[in-house]
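Enquirer: What follows is a protein structure lacking sequence information:
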């Protein structure tokens, strides 16, 4: 019987398999950041042990960093202390840190691929649920808790039960104005915020194959929003071309050896999945969420469901969500005024996202009623944007181009959406309070966000293309 | 980590019949700045508990502010703990005093985090979950029994019970206060052998 891509990578990393026990899985690459690592380092100190493989561990500061005046000390004391503690821990344990001010600093899931650290066939973990992003390169990448961060620091291994496998195939050509963010919001709206819990997802089909690495990362990034532990895409020429020449990519004979291995990483034709889903690209339109979990999404021209259209058990949550959002069932979101537009996060802050937005807003100005924050995913993305003159396009449009970080995705650092305000956001979660207490989030693609910035309301971007 | 175990618990329970409770609700991101595992309980469900983030203004309609309900068992709607991987969610629940969370479905990462903190996630059927909500809301003094060795949860007053699953390894850990890291450290030679035969990058 053939093997899935997931099985091939998993089985190659099993250090020990024992009946009744979870597998002991070897981890190739461990990313850490300031929020979910301090207690893990404390644990190592308490046990009197070192980091087993500092050479396989990479650190950056992203969640807590301000995105303005990054050259100054962080004003908020607790945030500053957490970032300083990461620096001290990395020094003490000999870990490479791309901290604030470093030319490689950025959101952990942006810098890994950008530096060529993320490579096909790897197992990758990080104390962050959006670690699934790295699956775009044909890796098994998943988020873990702090106790597991400590496990990996201590032993480079993690105890895991093998999840079930799901394949989601999308075939056909995307319609005008539809981008990868719309694909994943569409899938989640179809299968719900818990539709893939217990599964690891492989995305396949001609639509996926046609996407750039940036676009694939956006899709894998949001796998967790339907409950999946991770998402992955088999590597192909697009993948190899993206990696070649990057800082940590194999070189010379090593490259040839790696490439030969990477080309074996695909699901065999007779591989068995526990569940298979199929979607048609032609059915996907620009998407937007109306509620308080990413499964509560609609096509931009559709109406918000009415309570009778929602399963009885979910009705209370549905009504609670609409109340929080200040929206009425059965109405359209089109023409809904917005107060903020946030373009950023590990979902949509790569150079291709910024180019897409710049291309759309060039020569236009933002609406007076909105504040627009563009937050690049990394120092390198920021530098590239400046090199291409994207910064000037944003400036002329009245957008704020800020420094890299997680920013308004999670309401942890200084960048928060005020109570009651509406924000069209390219991030990944529309949970209550996610962007700040009482903030109201509409998740959408960078294109739809750009159109909202220019018009000051939710619009169908296709009418402007 | 302090030596803890879970064996047998009998307690009243706190009902929270909301689906898809994500870890941002359990502990909002702005409270993740501590560098220890303690003290997160006071911010558990922070934005559901207080008006405008003001501790002097508890929201009367939120169950943790209702003195009628109490106990170390939280009973919550389907897909509990979805979203962020923050272990702080498990720390906050445990620090507040919960020892068991019952739901009809748990998000994967939360489940692992809970087990690693001796907070027992008990997954029950939809039907049993609705029964629990009903009996607890009818009589908040209803006692619920959770038995880890026997893997069952029982409503004491009615005798209705259901078995729950837990993987055998984790069960051993919870019963005996074993620790994943001690176990993995004991495999040092196996890990080294793996590294020697797989060093390829």
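Expert: All right, it came through fine. Since we're looking at a predicted model, the values are computed, not measured.
Enquirer: quick one: average pLDDT of stretch A:422-439?
Expert: Averaging pLDDT along stretch A:422-439 yields 97.
Enquirer: actually stretch A:169-181, not the one I typed
Expert: The predicted model assigns stretch A:169-181 a mean pLDDT of 98.
Enquirer: Could you work out the end-to-end span of that stretch for me?
Expert: One end of stretch A:169-181 to the other measures 16 Å (Cα to Cα, to the nearest Å).
Enquirer: ok, residues contacting stretch A:241-260?
Expert: A:113-117, A:119-120, A:137, A:212-213, A:240, B:200-201 (Cβ atoms under 8 Å, 6 or more residues apart in numbering or on different chains). Glycine gets a C-beta too; all of them are placed from N, C-alpha and C.
Enquirer: can you count the residues close to the residue nearest to residue A:226 when sequence neighbours are not counted?
Expert: Leaving aside its chain neighbours, residue A:226 sits nearest to residue A:196 (4.3 Å; criterion: Cβ to Cβ, 6 or more residues apart in numbering or on different chains). By the criterion of other Cβ atoms under 10 Å in any protein chain shown, residue A:196 has 28 neighbours.
Enquirer: secondary structure class for residue A:196?
Expert: For residue A:196, the secondary structure call by DSSP: H, G, I helix; E, B strand; the rest coil comes out as coil.
Enquirer: what's near enough to touch it?
Expert: A:166, A:223, A:226-228.
Enquirer: Export those as CSV, with columns for secondary structure, pLDDT and neighbour count.
Expert: Converted to CSV, the contacts of residue A:196 look like this (DSSP: H, G, I helix; E, B strand; the rest coil; pLDDT from 0 to 100; neighbours: other Cβ atoms under 10 Å in any protein chain shown):
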residue, secondary structure, pLDDT, neighbour count
A:166, strand, 98, 25
A:223, helix, 98, 31
A:226, helix, 97, 27
A:227, coil, 95, 27
A:228, coil, 97, 28
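Enquirer: Nearest to chain B, out of these: which one, please.
Expert: Ranked by distance to chain B (Cβ to the nearest Cβ), the contacts of residue A:196 are led by residue A:227 at 6.1 Å.
Enquirer: For that closest one, give me phi and psi.
Expert: The phi/psi pair for residue A:227 (degrees, to the nearest 10) reads phi 90, psi -10.
Enquirer: Could you check how many residues crowd around residue 34?
Expert: Just going to use chain A. 28.
Enquirer: sorry, should have said chain B
Expert: Around residue B:34 there are 18 residues (other Cβ under 10 Å).
Enquirer: State the pLDDT value of it.
Expert: Residue B:34 is assigned a pLDDT of 92 by the prediction.
Enquirer: Please apply the same query to residue A:30.
Expert: Looking at residue A:30, its pLDDT is 98.
Enquirer: do residue B:3 as well
Expert: Note on residue B:3: pLDDT of 58.
Enquirer: Could you grab the helix/strand/coil label for the closest residue to residue A:295 other than its chain neighbours?
Expert: Using Cβ to Cβ, 6+ apart and skipping residues adjacent in sequence, the residue nearest residue A:295 is residue A:193, 3.7 Å away. What three-state DSSP gives for residue A:193 is coil.
Enquirer: Contact partners for residue A:193?
Expert: Per Cβ under 8 Å, 6+ apart, neighbours of residue A:193: A:225-227, A:293-296, B:20, B:79, B:82.
Enquirer: Let's see if you can find the most crowded of the residues you listed.
Expert: For the contacts of residue A:193, the largest neighbour count, defined by other Cβ under 10 Å, is 32 neighbours, found at residue B:82.
Enquirer: For the closest residue to that residue other than its chain neighbours, report the pLDDT, please.
Expert: Residue nearest to residue B:82 in three dimensions, not counting chain neighbours: residue B:107, with 4.1 Å by Cβ to Cβ, 6+ apart. For residue B:107, the pLDDT comes out at 96.
Enquirer: Quick check: what element follows the longest helix belonging to chain B along the chain?
Expert: The helix spanning the most residues in chain B, taking DSSP state H as the definition, is helix B:126-138. Once helix B:126-138 ends, the next helix or strand along the chain (criterion: DSSP states H and E) is strand B:144-147.
Enquirer: what about the very next helix or strand once past that following strand, average pLDDT?
Expert: Moving toward the C-terminus from strand B:144-147, the next helix or strand (DSSP H and E) is strand B:152-155. Average pLDDT, strand B:152-155: 98.
Enquirer: what pairs with strand B:152-155, and is each one parallel or antiparallel?
Expert: Within its sheet, strand B:152-155 is paired with strand B:144-147 (antiparallel), strand B:161-163 (antiparallel), according to DSSP bridges.
Enquirer: Now do the last one: distance to the chain's middle.
Expert: For strand B:161-163, the distance between its averaged C-alpha position and the chain's averaged C-alpha position is 18 Å (Cα atoms, centre = their mean, to the nearest Å).
Enquirer: Give me the residues contacting it.
Expert: Here strand B:161-163 makes contact (Cβ under 8 Å, 6+ apart) with B:124-125, B:128, B:151-155.
Enquirer: Stretch A:204-211 too?
Expert: Contacts for stretch A:204-211 (Cβ under 8 Å, 6+ apart): A:167-174, A:180, A:183, A:216, A:219, A:233-234, A:236, A:238, A:267, A:278, A:281.
Enquirer: Since that was my last question, I'll sign off now.
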